[in-house]
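A.B. asks: what shape does this take:
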Amino acid sequence: MIDDYQSIDVPFEFRHTCWFCGEPYYKLHAFMASPNYDNQTSPIMIPACQECFTFSKAIKVSSLDLLRDKVKDKLHKHYEKHLQIGVNWTKQELEESEMEGRAFEGFRDKAWIMFEIAKERVNYSGWDLSVDGIPVVGLTTAFQFEFNGIVYTSLVQAVEQLSKAYNIPQPYLEDVVELVGRTKLAYAIRFCKTTYGYSAAERETSLLSLKALLAEQQALDEQMNLCQKTDNALLNVKLSAIKELMLYRTMISPHAIQWALQRGITTLVGLSQQEDAFFEFFMKDSELTAFTYFNGLQIYYEKRETDPEWAENDDPNRLLFDRVEKMN
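C.D. replies: Model (predicted):
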């Protein structure tokens with residue numbers, strides 16, 4: 001029994017609640033920093049559910065935020081398959097799925113509930129900690145990372161979990177994220193899903209292509225920013241407003257879409273009429289860039305014209321096209 005301890009303040013609405021995941025309280029975990037950098041003299045008692053209490057007993061860390069993140073890591077791993085339900089399905093898709101057999105019907109009926117419970121537990125943020133009214137300082141969530149509504153303790157954990165969920169080799173996804181940056185994880189996943197091969201050489205080729213594309217886009221960003229400052233006749237279509245998309249394994253460049261919409265081009269006929277101007281603009285960087293961008297733009301515009309239902313409901317840039325068409 002622990003005689004000398006500090007109990008955290010528990011707000012009325014959080015009585016009998018686990019601080020780690022929000023589940024019903026089971027026992028108090030006696031947290032003692034190890035290594036003890038701040039010279040903590042007595043344990044801090046943290047309310048925990050049975051599962052989080054079991055996890056926390058084996059964890060040795062120097063601060064409460066690290067303890068919280070380590071427990072969350074274990075929750076993520078324990079409920080990995082439950083969380084993957086939300087990656088592979090939507091609630092509507094599950095409800096409308098035609099699964100047959102008792103086992104499949106049971107999965108259809110319970111899967112989304114399992115996902116939501118797991119998601120709520122890993123996303124639970126607890127309450128601000130204080131002892132006798134004095135806030136516990138130094139706790140941080142700066143390293144946490146949110147993707148598709150799920151909070152991960154770090155980008156490293158997000159990449160580890162998502163590489164499994166999307167069946168992508170983890171080292172490959174890590175390399176792509178390093179190139180495109182943490183803010184473009186969705187882009188990195190799409191790139192990996194459509195480009196990785198079965199050999200190290202094929203993946204290396206894809207990485208080299210991505211590096212070249214990013215370098216070209218950076219140069220184009222600088223060029224187009226300069227053009228935006230000097231050409232007031234162009235329509236105001238910001239690059240940041242354009243959503244990236246991939247059609248038929250072809251990446252549609254936001255730079256190409258911006259170029260067309262700024263000039264009021266919303267149809268294949270209009271694009272063909274401005275083909276020379278398009279190539280004159282983009283061939284300043286390279287002939288390959290110009291042809292790649294123009295081919296992608298043709299595929300995009302053809303998709304919009306041959307599938308009007310997609311253009312109206314699913315095109316991520318449909319609002320931009322609507323605005324430009326009204327201005328013409």
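
A.B. asks: buried ones in the top helix by length along the chain?
C.D. replies: Counting by DSSP state H, the longest helix found in the chain is helix 200-230. Residues 203, 206-207, 210, 213, 216-217, 220, 224, 228 are the ones in helix 200-230 that count as buried (16 or more other Cβ atoms under 10 Å). C-beta coordinates here come from the backbone N, C-alpha and C atoms, glycine included.

A.B. asks: next one: stretch 153-160
C.D. replies: Here stretch 153-160 shows 153, 155, 157-160 as buried, counting by 16+ other Cβ under 10 Å.

A.B. asks: lowest average confidence, helix or strand, in this structure?
C.D. replies: helix 200-230 (a mean of 75; mean pLDDT, DSSP states H and E).

A.B. asks: re earlier: how far is whichever helix or strand comes after the longest helix of the chain from where the chain is centred?
C.D. replies: Of the helices and strands lying after helix 200-230 in sequence (DSSP states H and E), the nearest is strand 245-247. Centroid separation between strand 245-247 and its chain, computed with Cα atoms, centre = their mean, to the nearest Å, is 17 Å.

A.B. asks: how about stretch 52-64?
C.D. replies: Taking Cα atoms, centre = their mean, one finds stretch 52-64 lying 28 Å from the centre of the chain it belongs to.

A.B. asks: can you list the buried residues in it?
C.D. replies: 52-53, 55-56, 59, 61, 63-64.

A.B. asks: quick check: end-to-end length of it?
C.D. replies: 14 Å (Cα to Cα, to the nearest Å).

A.B. asks: ok, and what's touching stretch 132-139?
C.D. replies: 6, 8-9, 44, 63-65, 128-130 (Cβ atoms under 8 Å, 6 or more residues apart in numbering).

A.B. asks: you'd agree Glu23 is up against Pro47?
C.D. replies: No: Glu23 is beyond contact range of Pro47, at 10.3 Å (criterion: Cβ atoms under 8 Å).

A.B. asks: those two - which one has more neighbours?
C.D. replies: Comparing Glu23 with Pro47 by neighbour count (other Cβ atoms under 10 Å), the higher total belongs to Pro47, at 23 against 17.

A.B. asks: what sits against the more buried one?
C.D. replies: Pro47 neighbours (Cβ under 8 Å, 6+ apart): 8, 10, 16-19, 25, 27-29.

A.B. asks: can you add pLDDT, distance to Leu235 and neighbour count and give the residues you listed back as CSV?
C.D. replies: Listed next are those as CSV, based on pLDDT from 0 to 100; distance: Cβ to Cβ, whole Å; neighbours: other Cβ atoms under 10 Å:
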residue, pLDDT, distance to Leu235, neighbour count
Ile8, 84, 57, 20
Val10, 91, 57, 16
His16, 91, 59, 9
Thr17, 95, 53, 20
Cys18, 96, 54, 25
Trp19, 95, 52, 24
Tyr25, 93, 59, 18
Lys27, 93, 63, 17
Leu28, 93, 62, 17
His29, 94, 59, 23
